[in-house]
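give me a model of this one.
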Amino acid sequence: MSGRRGLVLLAALLLAAALLAVMIGETPLGASDYLAALTRPGSPVGEILWTIRAPRVVMAGLIGAALGLAGAALQGLLRNPLADPGVLGVSASSGLGAGLAIALGLAAVPGAIEIAALVGALAAGVLVVVLAARFREPETLILLGVSISAFAGALSALVFNLSPSPVTTAEVLTWMLGSVANRDWPDVAMTLAPASIGALLVVWSARGLTMLTLGEETAALSGLPMARLRAAAVAGASLLAGAAVAAAGIIGFVGLAAPHLVRRGAGEDPARTLLPSALAGALLLVLADLAARVIPTEQELKLGVVTALFGAPLFALVAWRAARSWRA
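Numbering: from 1, shown residues only. Okay, the predicted model is just below:
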């Protein structure tokens, strides 16, 4: 499977998964109910489908696409199969911003948590862009990103430690576990704006990602504005990851898994993996959210928990294969 056929197949699978996720839910519906929802969107059944389920499914697809695209961009930029949106500290910094907003009692202000999370991601992104302009070696950028992530994680732990009440601590923890429950169309629109800007930056940087596969020296002699393209890739990935975290909390492994699922068909050119990775990421998260809803538990599983349960073994497999190739 490669090229256009692969894209068509991914798009078809995503559409089928989205339709399935809209149809399946806690409230069982029959054929007459679906017909009523289509003919009378304002009916009670229509409200369930178009006001509750559909925005949740679209949000899951949008966040999955953002994380998959960010992961493909970072793996191409760093030339490291283990890179994902969390490797540069963007996700941890975004979670820190949201945690601070909740601890300060801003949860009652509409959009405050989301804005704080996005500000945290942008702050980390700006720092990484500055570092990327000064340090061209991908290994150095990875180590700096890990340091940023560790520091943001330590500050998040401090927020937990200094939380004014157990209720606030529970709220912070619940948000950081990740979920797209209770999202509506305004939430989708709010997430789409920064994600679109991030996607445009990543697409613009695609030429640089392709040139980097030939090595730093060749890329420097190519005549392309590599410094700007590298900064655009980092900034775009940061915006994509920040928008995802701002909308749904910290959701891991999607940015790592999506590029690996499509790389064999798309080839080793990072530019060719961008769109397939976005579609694969959207498909993965729609299915993960569907699993979170239908797995029989007393409380609905958090989306970040589901992705971690399935993503951790995949991460171990990728690391094992990478170690084998490095030894060879």
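
okay, and Val126 sits in which element?
Assigned by DSSP states H and E, Val126 belongs to helix 112-134.

how about Asp187?
Counting by DSSP H and E, Asp187 is part of helix 185-204.

same question, Thr168
helix 166-176.

packing partners of that helix?
Contact here means 3 or more C-beta pairs under 8 Å, 6 or more residues apart in numbering; DSSP states H and E; on that basis helix 166-176 packs against helix 90-103, helix 138-161. Just so you know, the C-beta spots here come from the backbone N, C-alpha and C atoms, and that holds for glycine as well.

hey, which of those is tucked in deepest?
Per-stretch averages of neighbours, counted by mean count of other C-beta atoms under 10 Å, single out helix 90-103 among these, with a mean of 27.

tilt between that one and helix 112-134?
When axes from the mean of the first three to the mean of the last three C-alpha atoms, to 10 degrees is applied, the directions of helix 90-103 and helix 112-134 differ by 150 degrees.

roughly how far is helix 90-103 from the heart of the chain?
Centroid separation for helix 90-103 versus its chain: 15 Å, with C-alpha atoms, centre = their mean, to the nearest Å.

quick one, it and helix 138-161 angle?
Going by the same axes, to 10 degrees, helix 90-103 makes 20 degrees with helix 138-161.

mean confidence score for helix 90-103?
Across helix 90-103, the average pLDDT comes to 86.

what does stretch 229-240 give?
Mean predicted lDDT for stretch 229-240 stands at 87.

which outside residues touch it?
Stretch 229-240 is contacted by residues 66-67, 69-70, 73-74, 76-77, 85, 88, 90, 121-122, 124-126, 128-129, 132-133, 136, 194-195, 197-205, 207-209 when judged by C-beta atoms under 8 Å, 6 or more residues apart in numbering.

quick one: buried ones out of the residues you listed?
Burial by neighbour count, judged by 16 or more other C-beta atoms under 10 Å, picks out 66-67, 69-70, 73-74, 76-77, 85, 88, 90, 121-122, 124-125, 128-129, 132, 194-195, 198-199, 201-203, 205, 208-209 from the contacts of stretch 229-240.

buried residues in the helix holding Thr168?
168-169, 171-172, 175-176.

how far does that helix sit from its chain's centre?
Distance, stretch centre to chain centre, for helix 166-176: 21 Å (C-alpha atoms, centre = their mean).
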